[in-house]
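Novice: Next input, structure requested:
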Amino acid sequence: MIDSLFFDSDCISAFLWVNEQYLLYLLYPGKIIIPKPVYDEISYPTTPHLKQRIDYLLNNNLASLAMIHVDSEAYSIYQKLTTFPDKGHKIIGPGEAASIALAKINNGIVASNNLRDISLYIAELELKHITTGDILVLALEKGYITEDEGNTIWLAMLKKRRKLGASSFSEYIQLHKK
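Specialist: Residues are numbered from 1 along each chain as shown. I've put the predicted structure just below:
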């Protein structure tokens, strides 16, 4: 059984920017969770098309919105990551912090490309983690896309200034072969 994926803004936006979010609900039906701080970031007035696309996912039950309540364990983790981190740790953004906090208390997977900011927390909290590249590799393995289609999607994401860790999907595949 696949655990729920808690998306940060960067990872979900990579798919929303290029209108390829259908891959997410094909791969992870009923498992796409959007933390409220991520939804708020995507709802900025300067990117109304992204909000429309995420609203479509939510309104059609293809994704769920997750709140962090003030009196919860998730809020304690969230507050620590965004305001009062341990010595030697950096403050991270609300989207990354929310995805980490919710994944921790729900035994889920953090979906984020922001490895520089979250890797230490992922390791310390013993969380599972995936990136946009990992999701596209799974789409390839399941036959939802070809490698050429993956390269086209990847290029479109790069043109929208998404940081994906390789210059092409083919290069990503080669770098991450097990």
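
Novice: ranges for the helices of this protein?
Specialist: 9-17, 22-27, 36-42, 48-59, 73-82, 94-106, 115-124, 132-141, 147-159, 169-175 (DSSP state H).

Novice: Which residues are in contact with residue 145?
Specialist: 23, 136, 139, 153 (CB atoms under 8 Å, 6 or more residues apart in numbering). C-betas here are computed from N, CA, C, even on glycine.

Novice: now residue 130
Specialist: Here residue 130 is in contact with 5, 109, 110, 111 (CB under 8 Å, 6+ apart).

Novice: Which of the residues you listed sits closest to residue 78?
Specialist: Within these, distances to residue 78 taken as CB to CB reach their minimum at residue 110, with 13.1 Å.

Novice: Would you mind measuring from that closest one to residue 88?
Specialist: 20 Å (CB to CB, to the nearest Å).

Novice: now swap in residue 16 and tell me
Specialist: 34 Å.

Novice: between the two, which one's more packed in?
Specialist: Neighbour comparison, residue 16 and residue 88: the larger count goes to residue 16, with 23 against 6 (by other CB atoms under 10 Å).

Novice: for that one, what are its contacts?
Specialist: 42, 50, 53, 54.

Novice: my guess is residue 104 meets residue 75, correct?
Specialist: No. Counting by CB atoms under 8 Å, residue 104 sits too far from residue 75 to count as a contact (11.8 Å).

Novice: Of the two, which one has the most company?
Specialist: More crowded of residue 104 and residue 75, by other CB under 10 Å: residue 104, with 20 against 16.

Novice: ok, now how distant is the nearest residue to the more buried one once chain neighbours are set aside from residue 116?
Specialist: Nearest non-adjacent residue to residue 104, counting by CB to CB, 6 or more residues apart in numbering: residue 125, 5.2 Å away. The gap separating residue 125 from residue 116 is 17 Å, by CB to CB.

Novice: of those two, who's got more company?
Specialist: residue 125 (15 against 10).

Novice: ok, now which ones touch the more buried one?
Specialist: 77, 100, 104.
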